[in-house]
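> Need a 3D model of the sequence below.
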Amino acid sequence: MADFVGAVDQGTTSSRFMIFDHDGNEVAKHQLEHTQYLPRPGWVEHDPVEIWERTNVAIQNAVRAAAISASDLAAIGITNQRETTVVWDPRSGQPYCNAIVWQDTRTDAIAAALEREGHGDLIRRRAGLPPATYFSGGKIKWILENVAGVREAAEQGNALFGTTDSWVLWNLTGGPNGGIHATDVTNASRTMLMDLETLDWDEELLGIFGIPRAMLPRIHSSAHPEAFGTSRTTRPLRTPVPITGVLGDQQAATVGQVCFTPGEAKNTYGTGNFLLLNTGTQAVRSEHGLITTVAYKFGDAPAVYALEGSIAVTGSAVQWLRDQMHTISDAAESERLAATVDSSDGIYFVPAFSGLFAPYWRSDARGAIVGLARYHTNGHLARATLEAICYQSRDVVEAMEQDSGVHLDVLKVDGGITANNLCMQTQADVLGVPVSRPVVAETTALGAAYAAGLATGFWRDTDELRTHWHESRRWEPQWSDKQREAGYEGWKKAVQRTLDWVKVD
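This is a model prediction of the structure:
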């Protein structure tokens, strides 16, 4: 029997391949960044071909680093940046345009028109999502209407849509030579096109967006022994390996954090922040600005749902300090710089670069730094950036408690920013609850591996997966209640200053 499971983790800023053993321990990984294209204000794009090539190299190098062969892999799982939209020609394998990234706001007029024309309530009820620039449906519509020849190609069956899981899967299983065009329920639930109850594409929603059904991938369970095919014997793997798990990145992190019981929650700190609360086999409709989404579906078992709070800009605010402001040379320096001061001393940074996502859903918002005095330094700005990550998470926790009635006793965290101890301490202070980081912080890739391994019997069941979770570090709150509430009141005032900044048609 093969001793390992592999996972493709195709993220917003990089693609990597990780290999795990039966105890859920990391054996090897390789990671490569890809280019972020910012052609206009509010536009964010990726080159799908570059993404596939980097993924391909990452797989080869991780297998080489582990000193194993493809035959040692029991299965491969795929996890991905979810709403990022690729449309390509299945005959040539070439994209019709760059991928439109989930952060991109060019579809704000489309989202506003959906509300204005009375479709918003139907989309919320059927798909569990508010009309917003975040989701894939509007991005597909934009490509069909603005990229020459795509509408005609789609009508003729010569244009396929997929989020990056589908794009990677299609290429990994053969591309133009028989590639599998599929996705799973978690990724499909992020399009505004899938019915949360039937777990299938909804004809009425497709009609509203004007999207031909033939463009769309077939929807499967997140863990399935046969639905996603096998890797081809050409590059990057010389021996076929079954691909048996697919999960959107935040759902994968939920699985990696073994949040299998209703009421369990995790918060992933990456380019953005994503807090998911398991609500069981019933879809809970949010009344406080959250998303109702599919958490996972394993085989023929019923789908498990979640409430999600999606925050557009958290880790990417730190990247902004590095790449645009040049105040730090790497992400780790943000902690050192922030630690040069005891507090942000009254300044707030609201990084609404792409508008505000949950719980506000305001595409008219833009970033702002408020409360500045000449006294303030780069250290104060760095600290305000870390605090912004934490305050945005509190916004979501507040909404989640109102929707679910569940008060968090502890917040499980994962993702790159959890290496920033000052940020995690601040998160505990802002929330007033302990923050817990697992030993294996790469829970997104681990969750994809878990899904793939469950489908093949590499792991027996979710109870076995629970035994692999171990805490690495816990941060306890240190702020007083008065300090906590005063800080949060200031944050809410700062958020109000960002609204109505741009006109949405």
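> which parts of stretch 99-115 are buried?
99-112, 114 (16 or more other Cβ atoms under 10 Å). (Each C-beta comes from the backbone N, C-alpha and C, glycine too.)
> same check, this time on stretch 226-242
Buried, per 16+ other Cβ under 10 Å, within stretch 226-242: 227-232, 236-237, 241-242.
> Take these and lay them out in CSV including pLDDT and distance to Pro90.
Converted to CSV, the buried residues of stretch 226-242 look like this (pLDDT from 0 to 100; distance: Cβ to Cβ, whole Å):
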residue, pLDDT, distance to Pro90
Ala227, 83, 18
Phe228, 93, 17
Gly229, 88, 15
Thr230, 89, 19
Ser231, 86, 18
Arg232, 79, 16
Pro236, 71, 21
Leu237, 76, 22
Val241, 92, 23
Pro242, 94, 23
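> Just the closest of these to Pro41, please.
For those, the minimum distance to Pro41 (Cβ to Cβ) is 36.8 Å, reached by Pro236.
> correct me, but the closest one touches Glu53?
No: in this structure, Pro236 is not within contact of Glu53 by Cβ atoms under 8 Å, at 10.0 Å.
> what's the distance between Glu287 and Thr84?
28 Å (Cβ to Cβ, to the nearest Å).
> what about the two, which has more around it?
Remark: of Glu287 and Thr84, Thr84 carries more neighbours, 28 against 9, as counted by other Cβ atoms under 10 Å.
> residues in contact with the more buried one?
Residues near Thr84 by Cβ atoms under 8 Å, 6 or more residues apart in numbering: 12, 46, 99-102, 136, 163-164.
> Kindly recompute the last result at 10 Å.
Neighbour list for Thr84: 10-12, 44-46, 48, 51, 99-104, 136, 139, 162-165, 167, 190 [criterion: Cβ atoms under 10 Å, 6 or more residues apart in numbering].
> Please apply the same query to Lys492.
Contacts of Lys492 (Cβ under 10 Å, 6+ apart): 348, 391, 394-395.
> Which helix or which strand is home to it?
For Lys492, the host element (DSSP states H and E) is helix 481-497.
> Counting neighbours, which bits of that helix end up buried?
Neighbour count says helix 481-497 has 484, 487-488, 490-491, 494-495, 497 buried, by 16+ other Cβ under 10 Å.
> cool, and stretch 137-147?
When neighbours are counted by 16+ other Cβ under 10 Å, the buried residues of stretch 137-147 are found to be 137-144, 147.
> What about the buried residues of stretch 99-115, which are in helices?
Among the buried residues of stretch 99-115, the members falling in helices (DSSP state H) are 108-112, 114.
> just these now: which is nearest His376?
Using Cβ to Cβ, these come closest to His376 at Asp108, 32.2 Å.
> give the contact list for that closest one.
42, 132-133, 138, 354-355, 363-364, 502-505.
> one step back: buried ones only from the contacts of Lys492, please, as a ChimeraX command.
Command for ChimeraX that selects the buried part of the contacts of Lys492, burial taken from 16+ other Cβ under 10 Å:
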select :348,391,394,395
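> In contact with Glu53, which residues are there?
Taking Cβ under 10 Å, 6+ apart, we find Glu53 in contact with 15, 32, 34, 47, 171.
> Phi, psi for it please.
Torsion angles at Glu53 (phi, psi; degrees, to the nearest 10) stand at phi -60, psi -40.
> Could you measure from it over to Gly178?
20 Å.
> and what of Gly137?
Noted for Gly137: a distance of 28 Å to Gly178, by Cβ to Cβ.
> So Leu206 is in contact with Met215, correct?
Yes: using Cβ atoms under 10 Å, Leu206 is in contact with Met215, at 9.4 Å.
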